[in-house]
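In: Just to be clear, the model below is a prediction. Sequence and coordinates:
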Amino acid sequence: MSVLDQLRSEASQKQDNEVMAASQTQLLENEYKANILPKMQKTYLFLKEVIEHLNYLEKEIEVEEYSHDYPQIGKLAQTNYKINTDGYSGFADFNRLMQINVTFTCQGHGDFSFTLEGKSRIEQEVSFLNSTNIPFTWNQYVGTRGVESATFVITRKIPVRFRFEVDYQHSKIKLLINNHENFNVYSKSFDPATVNELLLDEVIRFMLRQDSDFIRLEISSQDKLRIQKKAEEEQLQRAKWLEEIAAEEAKTKKETPVNGESIFLNRIKSLTGLSKK
């Protein structure tokens with residue numbers, strides 16, 4: 001094949017690809033306009049009315065035990081509902097809805113603090129807290145034994161978000177939930193045909209903590225195994241920390257009282273969360 005023939009073949013292939021891409025784009029756009037947009041519009045109107053009623057009634061929901069990882073958070077009040085469609089605080093074109101956000105806060109009084117030791121553990125905590133968008137401050141220092149330490153101060157004000165967004169490439173509507181319980185993240189995609197008032201009512205019942213079936217029934221066997229594996233890994237890591245502490249204490253063969261308790265006991269409390277107030 002001559003160079004010219006090769007160039008002709010490549011040009012023809014590129015043209016075919018461009019035609020196919022344009023055709024696929026048009027199919028996606030047609031699907032969006034015909035099936036996805038009407039469901040997003042109905043979802044927005046449904047959620048908007050719910051939010052208006054909640055705010056008018058000044059409905060405040062008590063959250064008894066938000067987090068088993070941070071029991072110091074204590075009881076919270078769920079309130080201050082808002083809705084937007086642009087990801088910030090405003091509203092996008094109603095005829096081009098791509099996302100709907102319902103946000104609110106779970107808030108308690110004041111803040112609480114705790115101390116962690118070890119560079120890796122501190123970095124993990126900072127990364128996690130940043131991902132939750134919860135207000136916090138932290139102060140890093142080197143302790144009396146030369147161990148890197150940090151004190152964290154957490155504000156009891158947890159931002160929660162329910163987002164419906166268009167998965168344009170797959171012609172789906174995706175639901176993302178952040179921080180509803182124990183700082184969890186939940187995600188599920190729906191065919192547009194399944195997004196109706198019955199589904200939205202289930203979402204609202206879950207949002208208002210009237211039941212948890214909407215989430216519980218969606219956990220697959222694979223997810224359960226993943227959660228179990230993560231819990232086992234965390235237990236092994238915690239056991240390793242305790243072994244390291246025990247080995248260090250054995251070296252010193254001496255315990256220095258700290259507020260009437262040993263360093264060993266205080267460090268175990270710190271790692272297991274018992275020292276968090």
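Out: Received, thanks.
In: okay, the helix or strand hosting V203 in PDB with CA atoms only?
Out: Using DSSP states H and E, V203 sits in helix 197-207. Provided in PDB are the C-alpha atoms of helix 197-207 (Å, rounded to 0.1, in the frame of the first residue of the first chain):
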ATOM      1  CA  GLU A 197     -42.800   9.100  44.000                       C
ATOM      2  CA  LEU A 198     -42.600   5.700  45.700                       C
ATOM      3  CA  LEU A 199     -38.800   5.700  45.400                       C
ATOM      4  CA  LEU A 200     -38.500   9.300  46.400                       C
ATOM      5  CA  ASP A 201     -40.800   8.700  49.400                       C
ATOM      6  CA  GLU A 202     -38.400   5.900  50.500                       C
ATOM      7  CA  VAL A 203     -35.400   8.300  50.200                       C
ATOM      8  CA  ILE A 204     -37.200  10.900  52.300                       C
ATOM      9  CA  ARG A 205     -38.200   8.400  54.900                       C
ATOM     10  CA  PHE A 206     -34.500   7.400  55.200                       C
ATOM     11  CA  MET A 207     -33.400  11.100  55.200                       C
END
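In: Pull out the buried residues from stretch 149-160.
Out: 149-150, 152, 154, 156, 158-160 (16 or more other C-beta atoms under 10 Å). For every residue, glycine as well, the C-beta is placed using N, CA and C.
In: closest to G74 among those?
Out: Nearest to G74, judged by C-beta to C-beta, of the buried residues of stretch 149-160 is R156 at 7.4 Å.
In: and the helix holding V203, how far from the chain's centre?
Out: With C-alpha atoms, centre = their mean, to the nearest Å as the basis, helix 197-207 stands 19 Å off its chain's centre.
In: and that helix, what's its mean pLDDT?
Out: Helix 197-207 shows a mean pLDDT of 93.
In: Which neighbouring elements make contact with it?
Out: On a contact count with 3 or more C-beta pairs under 8 Å, 6 or more residues apart in numbering; DSSP states H and E, helix 197-207 meets helix 37-57, helix 213-216.
In: Next, format those helices as JSON lines and append distance to D16.
Out: Output for the helices and strands packed on helix 197-207, formatted as JSON lines (distance: least, C-beta to C-beta, whole Å):
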{"stretch": "helix 37-57", "distance to D16": "30"}
{"stretch": "helix 213-216", "distance to D16": "45"}
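In: low-scoring pLDDT stretches of the protein, where are they?
Out: 213-228, 230-231, 242, 245-246, 249-277 (pLDDT under 70).
In: mind listing the helices in it by residue range?
Out: Listed in chain order, the helices of the chain (DSSP state H) span 3-31, 37-57, 119-132, 197-207, 213-216, 221-252, 263-272.
In: Would you mind putting those helices into TSV with mean neighbour count and distance to N80 alongside?
Out: Output for the helices of the chain, formatted as TSV (neighbours: other C-beta atoms under 10 Å; distance: least, C-beta to C-beta, whole Å):
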stretch	mean neighbour count	distance to N80
helix 3-31	10	36
helix 37-57	16	8
helix 119-132	14	17
helix 197-207	16	13
helix 213-216	14	22
helix 221-252	11	31
helix 263-272	17	34
